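Asks: Structure of the sequence below:
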Amino acid sequence: MEVGGIYGVKEIDVQILWWRDLKEVWSLDEWKDMFEANFSWEVGNGREIKFWEDRWAGCTALKELFLRLHSTCSSKDSFVWQIRERSENSRLSWKIEWRRNLFE
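Replies: Prediction:
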């Protein structure tokens, strides 16, 4: 498939370039706030979203909102899919590993 009259450029190639360019603009200080205020993450299967690091549950990363919990967590680099758990009645819960008992 030709895109924009350029011979030999496939549609997927243009999509990859578009996302790469968007990521570069997103990282510029003058554009960052605008992008973050108007875009949101879709977690999907959770394989590309880091539970503590990424801003997927609001405008701030969970590690910044819950500093003490993050410091006590033993799975700081976990992706959402690794700690998300669905019970038999389809309720969502989190299987977070802690370095110590939180309620002692």
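
Asks: which regions of the protein lie under the pLDDT threshold?
Replies: 1-16, 19, 23, 26-27, 36, 39-41, 104 (pLDDT under 70).

Asks: let's see 80
Replies: Within the chain, the ranges that satisfy pLDDT under 80 run 1-42, 58-59, 87-88, 90, 102-104.

Asks: just the strands in it please.
Replies: 84-86, 92-94 (DSSP state E).

Asks: Report the strands that pair with the first one, each with its relative direction.
Replies: Put plainly, it is strand 84-86. Counting by DSSP bridges, the strands paired with strand 84-86 are strand 92-94 (antiparallel).

Asks: Distance-wise, check the residue lying closest to Lys76 once chain neighbours are set aside relative to Trp31.
Replies: Distances taken as CB to CB, 6 or more residues apart in numbering place Trp52 nearest to Lys76, at 5.6 Å, with adjacent residues excluded. Every C-beta, even on glycine, is put in place using the N, C-alpha and C of the backbone. To Trp31, Trp52 is 25 Å away according to CB to CB, to the nearest Å.
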